[in-house]
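Student: Sequence first, then the predicted structure:
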Amino acid sequence: MGNSREVVVTGGGTGIGYAVAAAFAEAGDRVTITGRREQVLTEAATLLGARPVVFDAADAAAVEAALEELPGRVDVLVNNAGGNTDFVDGDGDGAGLAGFAAAFERNLRSNVVSAALVTHALGERLADDARIVTIGSIAARTGAGSYGAAKAAVEAWNISVAQEFGARGITANVVAPGLIGETEFFHSKLSDRRREWLIGNTMNKRPGTPEDVAAVVTFLASPAAGHVTGQVVHVNGGAHLGK
Ligand SMILES: NC(=O)c1ccc[n+]([C@@H]2O[C@H](COP(=O)([O-])OP(=O)(O)OC[C@H]3O[C@@H](n4cnc5c(N)ncnc54)[C@H](OP(=O)(O)O)[C@@H]3O)[C@@H](O)[C@H]2O)c1
């Protein structure tokens, strides 16, 4: 693999994905970043020296259409696209139980269906000894409604990915962050009180940074991490003790 790796980071235009893409780019890898907002993505790609490919990772037809722009061989796939869709406009969800179902499904699509679609679509392009890293969340263990349920599903799905590709030396792991600052995740919906409470839950009394997460992702993507697979690695300052 060395310096010639082909890396795909979904949601690489902002936050954690941007930091992950930057870490690979700095290491000399060829990096493709994806996302839905063309301008955000192209600006980030210019700064990173990466290639932007615009598509909605939660939409099967869009993923399929994007395949011709994605690399023909993939050494590292980072399924980072996602977020708590309860924080963004749900006007189209409708009322009553149908609206509740639509909102619930948005989180599932955004976080677990997206990762599964991109991994499935790129499966045949994964090189032997490739690395798959999917961004989960502390919410899989602590709650947060349909978002937590979606991230818990990511953990279970990851095990089957590790089983499916393991014989080829390919690893699949989840990195589960706690509160990470400098991202668009909360869409201005995190109160100071809640933020202080989340920081108070950590042992090191600070929020995480996108670089804290990127450091773990790059380790899991390294040749040295070849015997680490099917795991969830927690990056949360001890706010939750992953077991
Ligand atoms: N920040 C935290 O505290 C925290 C904690 C635990 C886990 N996480 C997880 O970390 C990951 C990265 O989030 P972040 O914190 O860096 O927030 P962020 O800045 O909002 O980044 C999310 C990125 O994913 C892209 N994205 C979202 N849905 C997508 C879709 N359907 N198709 C393609 N791209 C999509 C977004 O771009 P577009 O909108 O342009 O598509 C955006 O660039 C997420 O999976 C999130 O759940 C974050």
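Tutor: Thanks, I have the structure now. Residues are numbered from 1 along each chain as shown.
Student: gap between the most centrally placed residue in the chain and residue 66?
Tutor: The centre of the chain sits closest to residue 80, judged by CA atoms, centre = their mean, with a distance of 1.6 Å. Distance of residue 80 to residue 66, computed by CB to CB, to the nearest Å: 16 Å. Just so you know, the C-beta spots here come from the backbone N, C-alpha and C atoms, and that holds for glycine as well.
Student: Name the single longest strand found in the chain.
Tutor: Longest strand in the chain by number of residues (criterion: DSSP state E): strand 126-135.
Student: Now the element after that strand, going C-ward?
Tutor: Per DSSP states H and E, the first helix or strand lying C-terminal to strand 126-135 is helix 139-142.
Student: how about the helix or strand that that next one is followed by: buried residues?
Tutor: Counting by DSSP H and E, the next helix or strand C-terminal to helix 139-142 is helix 145-165. Under the neighbour-count criterion of 16 or more other CB atoms under 10 Å, helix 145-165 has 146-155, 157-158, 161-162, 165 buried.
Student: any idea which of the residues you listed is the one closest to residue 229?
Tutor: residue 162 (4.6 Å; CB to CB).
Student: Now do the helix or strand hosting residue 214 against strand 126-135, angle only.
Tutor: Applying DSSP H and E as the criterion places residue 214 in helix 210-220. Between helix 210-220 and strand 126-135, the angle comes out at 150 degrees (axes from the mean of the first three to the mean of the last three CA atoms, to 10 degrees).
Student: Relative to the helix or strand following helix 210-220, what are the paired strands and their orientations?
Tutor: Per DSSP H and E, the first helix or strand lying C-terminal to helix 210-220 is strand 232-235. In the sheet, strand 232-235 lines up against strand 171-177 (parallel) (DSSP bridges).
Student: Packing partners of the helix holding residue 214?
Tutor: helix 15-26, strand 126-135, strand 171-177, strand 232-235 (3 or more CB pairs under 8 Å, 6 or more residues apart in numbering; DSSP states H and E).
Student: For the ligand, which of those is the nearest?
Tutor: Among the helices and strands packed on helix 210-220, helix 15-26 comes nearest to the ligand, with 2.3 Å by CB to the nearest ligand atom.
Student: per-residue confidence for residue 1?
Tutor: What the model reports as pLDDT for residue 1 is 46.
Student: er, residue 91 I mean
Tutor: We have a pLDDT of 80 for residue 91.
Student: related to what we said a few turns ago, skipping adjacent residues, who's closest to the residue nearest to the centre of the chain in space?
Tutor: If the residues on either side of it in the chain are set aside, residue 80 comes closest to residue 17, at 4.1 Å by CB to CB, 6 or more residues apart in numbering.
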